[in-house]
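J.: Structure, please.
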Amino acid sequence: MANSVRADETFARKVLPTREIGTHKWKVGGLVVVAGSPSLTGAAWLASRTAGRAGAGIVYLASGRGVISMLAGAMPEVAHILIPETDAPGSARRAVERLEPYLEKSKAVVIGPGLGDDELTDHFLGALFGFGHKLGNGGARIGFGSSIAPDEPAKQPALFANGNLRIALDADALNWLAKQDEWWTHVPAGRCLLTPHPGEMARLTGLETSEIVANPEGVAREYAAKWRQAVLLKAGYPVASDGEHAVIATDAPVSLATAGSGDVLSGMVGAFLAQGLAPLDAAGLALYAGSRAAREIEERFGPLGVIATDLPDAIGHQLALLAR
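T.: Alright, predicted model coming up:
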């Protein structure tokens, strides 16, 4: 198709972030990772660790006490935002209030890896986005035990108050969006990068997975244009599109068919967004560096032996090679 480029080494070198002498961590780019639940702590570790190796100046992991207590010692370089993990009235609202100052000063946020698909996540994301599919007392329910009546002035949702913040959405955040009627009409254009696999894309679009796998570029282009957001579709040779242009992977290692590789990808694109890359450039660089990292690990363990925890350090190495 027209207006498409390959996510090859030439592309990757062109968009690779650089740093100036005298820069500092916040100028490099602050990233908030909203991830993890008691049974899925690994997703939070993978996304946060990868974000650091991919160049984010500072990484904040926003999660519940159970997740943070398990991971704090394993990732001393990652800061933490403790958010409530109970269904007490107002807890979703308080969780968003905890996040607000970090969202205001960061450049990107990753939402979704390992959050879980339950009522707690539903209310939390509804409060964060400022909309949700559950209704109560004649208004849109925002958080536990609270609602906004139709004639009440709406506050700018925390997620969109910082106009410079770019948002990477993955996993359970995508599954939540799929339940929201016409969610894209409530989200400012050009702010998000969605990273679905075929199953998640099927839930978001209503298409059959066979249709998506048969034409990933066409599907990515169509729905990126409809949603007015960038889409990185992980099907076959993955492709990213903003609705007009597309970046297509030049490699598709089968070794990446392993649990946690999607969490790694979301941390990587979050770090690139935090460093100022446009969503399509961030997606293309992640496709290149991720596939090269997988090939590097395959040299030692083969295509069957790659696991997600191998990837963050290999990604850092591949970015170092690009910078030479």
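J.: Return the set of buried residues in stretch 203-210.
T.: 203-205, 207 (16 or more other Cβ atoms under 10 Å). For glycine as for every other residue, the C-beta is placed from the backbone atoms N, C-alpha and C.
J.: er, stretch 297-316 actually
T.: 297-298, 306, 308, 310-312, 314-316.
J.: try stretch 21-29
T.: By 16+ other Cβ under 10 Å, the buried positions in stretch 21-29 come out as 28-29.
J.: so for that stretch, what's the average pLDDT?
T.: Throughout stretch 21-29, pLDDT has a mean value of 94.
J.: Put the alpha carbons of it into PDB.
T.: Extracted in PDB, the C-alpha atoms of stretch 21-29 (Å, rounded to 0.1, in the frame of the first residue of the first chain):
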ATOM      1  CA  ILE A  21      24.900  17.100  27.400                       C
ATOM      2  CA  GLY A  22      23.400  18.500  30.600                       C
ATOM      3  CA  THR A  23      20.000  16.900  30.200                       C
ATOM      4  CA  HIS A  24      18.200  15.400  33.200                       C
ATOM      5  CA  LYS A  25      15.800  12.600  33.900                       C
ATOM      6  CA  TRP A  26      12.600  14.600  33.500                       C
ATOM      7  CA  LYS A  27      13.800  16.300  30.300                       C
ATOM      8  CA  VAL A  28      14.700  12.900  28.900                       C
ATOM      9  CA  GLY A  29      11.200  11.700  29.700                       C
END
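J.: And for that stretch, what's in contact with it?
T.: 19, 55-58, 105-108, 271, 273-276 (Cβ atoms under 8 Å, 6 or more residues apart in numbering).
J.: Pull the most distant pair out of those.
T.: Longest distance between any two of those is 18.8 Å, between R19 and K105; criterion Cβ to Cβ.
J.: Please name every helix or strand in contact with the host helix or strand of R300.
T.: Applying DSSP states H and E as the criterion places R300 in helix 279-301. Judged by 3 or more Cβ pairs under 8 Å, 6 or more residues apart in numbering; DSSP states H and E, helix 279-301 is in contact with strand 4-7, helix 9-15, strand 192-194, strand 230-233, strand 239-241, strand 246-249, helix 261-274, helix 311-323.
J.: buried ones in it?
T.: Residues 279-298 are the ones in helix 279-301 that count as buried (16+ other Cβ under 10 Å).
J.: Dump that helix to CSV, restricted to CA.
T.: Output of helix 279-301 as CSV, limited to C-alpha atoms (Å, rounded to 0.1, in the frame of the first residue of the first chain):
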residue,chain,number,x,y,z
PRO,A,279,3.4,7.2,18.1
LEU,A,280,4.2,5.8,14.7
ASP,A,281,7.9,6.3,15.1
ALA,A,282,7.8,4.8,18.6
ALA,A,283,5.9,1.7,17.3
GLY,A,284,8.4,1.2,14.4
LEU,A,285,11.5,1.5,16.5
ALA,A,286,9.9,-1.0,19.0
LEU,A,287,9.2,-3.4,16.2
TYR,A,288,12.8,-3.2,15.0
ALA,A,289,14.5,-3.4,18.4
GLY,A,290,12.2,-6.1,19.7
SER,A,291,12.8,-8.4,16.8
ARG,A,292,16.5,-7.9,16.8
ALA,A,293,16.6,-8.6,20.6
ALA,A,294,14.7,-11.8,20.0
ARG,A,295,17.2,-12.9,17.3
GLU,A,296,20.1,-12.1,19.7
ILE,A,297,18.7,-14.3,22.4
GLU,A,298,17.9,-17.1,19.9
GLU,A,299,21.6,-17.4,19.1
ARG,A,300,22.1,-18.8,22.6
PHE,A,301,18.8,-20.5,23.4
